[in-house]
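Visitor: heads up, no residue letters with this:
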């Protein structure tokens, strides 16, 4: 990812990114029912590295599978590139954990940018305390083997009702996670940065008592001049 794009995406909200993508005709990029384990931290930004689960079959999903160093879940944790986000397709099923604190800790130590699933995590207090953003549906104590069989690494998946392709850019904030198609990342990051500056201007004026009519959207020609003056004053 372009370093400038990564930096821009670190300073814009998922709400603003949703609007920027909506303008491109993309209406279903925000992961549904996927929440941060901890809020109040910097944005998660990284390219998708994916892991797919299918329903567990008991004869193939015993506890001994973890002894295999090529087990897809374990291999995904060791292969996910630094700066990427490990995204797990858990079929929106949080009845068993998609991962726990040991695997999350390993990802953090390897420099991974974040961990996302539409299922649940176990050891959630420990994962929330890590210096790595994580997002899931809800806590779930049972081992993943109970219901999930890790089957495929770094192919297209679904997560939170959104298609995620390897290399797509994920941005997470205090509200949730959005998926930006890789080929649009630079353009969307630039547009969202401009939108954020304008939204900050609008917010300031609204808090001063100004009406939104003619301001948001800026149908009053005076708004454009006011915004330009505000940007010059703020260095934005």
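Guide: Thanks, I have the structure now. Note that the structure is a prediction, hence the values are computed from the model and not measured.
Visitor: go through the chain and flag its longest helix.
Guide: Longest helix of the chain, by residue count under DSSP state H: helix 185-207.
Visitor: contact partners of that one?
Guide: Helix 185-207 is touched from outside by 1-2, 4-5, 8-9, 11-13, 16-17, 19-21, 23-24, 169, 180, 212, 215-216, 218, 226-227, 230-231, 236, with contacts defined as CB atoms under 8 Å, 6 or more residues apart in numbering. C-betas here are computed from N, CA, C, even on glycine.
Visitor: state the distance from residue 76 to residue 153.
Guide: Going from residue 76 to residue 153 by CB to CB, to the nearest Å gives 5 Å.
Visitor: ok, the two, which is more surrounded?
Guide: When residue 76 and residue 153 are compared for neighbours, residue 76 comes out ahead with 23 against 18, by other CB atoms under 10 Å.
Visitor: identify the residues contacting the more buried one.
Guide: Counting by CB under 8 Å, 6+ apart, residue 76 touches 49, 51, 86, 150, 153, 154.
Visitor: check residue 93 too.
Guide: Residue 93 is in contact with 119, 147, 148, counting by CB under 8 Å, 6+ apart.
Visitor: if you rank these by neighbours, which is first?
Guide: residue 148 (29 neighbours).
Visitor: quick check: it touching residue 57?
Guide: No: here residue 148 does not reach residue 57: they are 10.8 Å apart, not a contact under CB atoms under 8 Å.
Visitor: can you show me the helices along this protein?
Guide: 3-9, 14-23, 72-79, 101-109, 124-129, 185-207, 221-234.
Visitor: what mean pLDDT does the shortest one have?
Guide: Going back to what we said before, that points to helix 124-129. Averaging pLDDT along helix 124-129 gives 98.
Visitor: and that helix, what does it pack against?
Guide: Identification of packing neighbours for helix 124-129 by 3 or more CB pairs under 8 Å, 6 or more residues apart in numbering; DSSP states H and E yields helix 101-109, strand 134-136.
Visitor: out of those, which is the most enclosed?
Guide: Most buried of the helices and strands packed on helix 124-129, by mean neighbour count (mean count of other CB atoms under 10 Å): strand 134-136, with a mean of 27.
Visitor: what pairs with that strand, parallel or antiparallel?
Guide: strand 35-36 (antiparallel), strand 114-117 (parallel) (DSSP bridges).
Visitor: packed most tightly, which of those strands would that be?
Guide: strand 114-117 (a mean of 28).
Visitor: circling back to that earlier point, any common contacting residues for residue 76 and residue 153?
Guide: residue 51.
Visitor: which strands and helices sit next to the lowest-mean-pLDDT helix or strand in the chain?
Guide: Lowest by mean pLDDT, DSSP states H and E among the helices and strands of the chain is helix 221-234, with a mean of 94. If you count contacts as 3+ CB pairs under 8 Å, 6+ apart, helix 221-234 packs onto helix 185-207.
Visitor: quick check: buried residues in the helix it packs on?
Guide: Buried residues in helix 185-207, counted by 16 or more other CB atoms under 10 Å: 185-186, 188-189, 191-193, 195-199, 201-202, 205.
Visitor: just those residues now: which is nearest residue 108?
Guide: Each of those was scored against residue 108 by CB to CB, and residue 185 proved nearest at 23.7 Å.
Visitor: and that closest one, how far from residue 102?
Guide: Between residue 185 and residue 102 the computed distance is 32 Å (CB to CB).
Visitor: swap in residue 68?
Guide: Computed as CB to CB, the residue 68 to residue 102 distance reads 17 Å.
Visitor: same question, residue 217
Guide: Using CB to CB, one gets 49 Å for the distance from residue 217 to residue 102.
Visitor: for the nearest residue to residue 172 once chain neighbours are set aside, what are its contacts?
Guide: Sequence neighbours aside, residue 44 is the residue nearest to residue 172 in space, at 3.6 Å (criterion: CB to CB, 6 or more residues apart in numbering). By CB under 8 Å, 6+ apart, the contact list for residue 44 reads 85, 113, 114, 133, 135, 170, 171, 172, 173, 177.
Visitor: understood, closing this out.
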